[in-house]
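**Q** Just the structure for this:
(one chain, ligands or ions: 2)
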Amino acid sequence: MAAAQKRGVLIVFEGLDRSGKSTQAKRLVESLNKRAEGSAVLQAFPDRSSPIGKLIDQYLKKEIDLDEHSLHLMFSADRFLKNQMIRENIAKGIDVICDRYCYSGVAYSLAKGLPEQWVRSSDVGLPKPDAVLFFDVSPAVAAQRGGFGAERLETATMQQKVAAVMPTLRDDSFWKTVNADGDLDTVEKDVFRLYENLNREKPFESLEKI
Ligand code: NYM
Ligand code: MG
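**A** Ligands and ions are numbered 1, 2, ... in the order given. Prediction:
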C-alpha cells in the first residue's frame, strides 16, 4: 500500500516594514520549488490583484479614501477570498507561504485605535498557520535599510505603534521569532531550519481566536 501523502503546511511571515519578510518568503518558496517543482505557493496579503485588493491598493497609494472600519473588513475579506485555495493546496500536500496575514490586519487596525474585540473577530475561521515567523528587526538595522515608502501607513509614528502591538498578538504555541538583523543568507538558513521542523502529522485547524 502506498504511504499516505503528507499534508502541506501554512507558514506566515509577519513583521515590520523592512524586516525582510517579503524577500525571505520569496526565497523560501523558490528554494522549495527548486527541490520539488510545484511544492509551494506564495501568497501576499493584501493580494493587490483581487477586486477587493485593488481597492485596498488604491487606498494605500492615497488615490481613494476609505472608512477605517470598511478597510479593516476589506483586508479580512481579501484573506477569506483565499480560504479555499489555501485549504485545497494544504490538502494536496502543497505548502502555502504567506507574506503577511491576519496579524498585520489586527496590528494595523489596533494601532489606528479601532475597537479591540471587533478588530480581533473578523479573521476568525481562517486557516490556522502551522507557524508564524515573526521577523524581529532592531530599529537601527531597519533604519539602515532605507527610508519609508510613499504609501499610506508607512510613517515612523505608525510603525512605532504597530511595533508595540504586534508582540502582544504573539502565541508561543505556533509563533517563532526570526532574528531579522542578519544578512540575507543567514536569515534564509534560519527560516529553513524552522520550516524543516514543522509537524505535518497534526491535523490542520482553523483560527478560533486571534
Ligand atoms: N496592512 C496589511 C494592513 O493595514 N492590514 C492588513 O490586513 C494587511 C495584510 O497594508 N503597510 C498594511 C500593512 C502595509 C500595507 O503593504 C501592505 P505591503 O508592502 O504590500 O506588505
Ligand atoms: Mg511594505
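
**Q** so where do the helices sit in the protein?
**A** For the chain, the helices defined by DSSP state H cover 21-35, 51-60, 68-80, 83-92, 102-111, 116-121, 139-144, 156-165, 184-196.

**Q** buried sites along the fourth one?
**A** Using 16 or more other CB atoms under 10 Å as the burial criterion, the residues of helix 83-92 that qualify are 86, 87, 89, 90. Backbone N, C-alpha and C define where each C-beta goes, glycine included.

**Q** The protein against ligand 1: which residues are in contact?
**A** Residues of the chain lying close to ligand 1 by CB under 6 Å from any ligand atom are 45, 46, 60, 75, 100, 104, 105, 108, 153, 154.

**Q** which residue packs closest to residue 146, ignoring adjacent ones?
**A** Using CB to CB, 6 or more residues apart in numbering and skipping residues adjacent in sequence, the residue nearest residue 146 is residue 18, 6.8 Å away.

**Q** Give me the residues contacting the worst-scoring helix or strand of the chain on mean pLDDT.
**A** When the helices and strands of the chain are compared on mean pLDDT, DSSP states H and E, helix 139-144 comes out lowest with a mean of 80. Identification of contacts with helix 139-144 by CB atoms under 8 Å, 6 or more residues apart in numbering yields 16, 17, 18, 19, 163, 180, 181.

**Q** how does it look with 10 Å?
**A** 15-20, 137-138, 156, 159-160, 163, 180-182 (CB atoms under 10 Å, 6 or more residues apart in numbering).

**Q** Of those residues, just say which sits nearest to residue 210.
**A** Closest approach to residue 210 among the contacts of helix 139-144 (CB to CB): residue 15, at 16.8 Å.

**Q** which ones are touching that closest one?
**A** Contacts of residue 15 by CB under 10 Å, 6+ apart are 21-22, 24, 100, 103-104, 132-137, 142, 162-163, 166, 177-178, 180.

**Q** Now with 8 Å, please.
**A** The contact partners of residue 15, by CB under 8 Å, 6+ apart, come to 21, 134, 135, 136, 137, 166, 178, 180.

**Q** Extract the residue ranges of the chain that are flagged as low pLDDT.
**A** For the chain, applying pLDDT under 70 flags the ranges 1-3.

**Q** Which stretch among the helices of the chain is buried most, on average?
**A** Counting by mean count of other CB atoms under 10 Å, helix 102-111 has the highest mean neighbour count of these, with a mean of 23.

**Q** Now do it: everything it contacts.
**A** Residues from elsewhere that reach helix 102-111 (CB under 8 Å, 6+ apart): 12, 14, 45, 68, 72, 75-76, 79, 116, 119-120, 122-123, 126, 132, 153, 158, 161-162, 164-166, 169, 207, 210.
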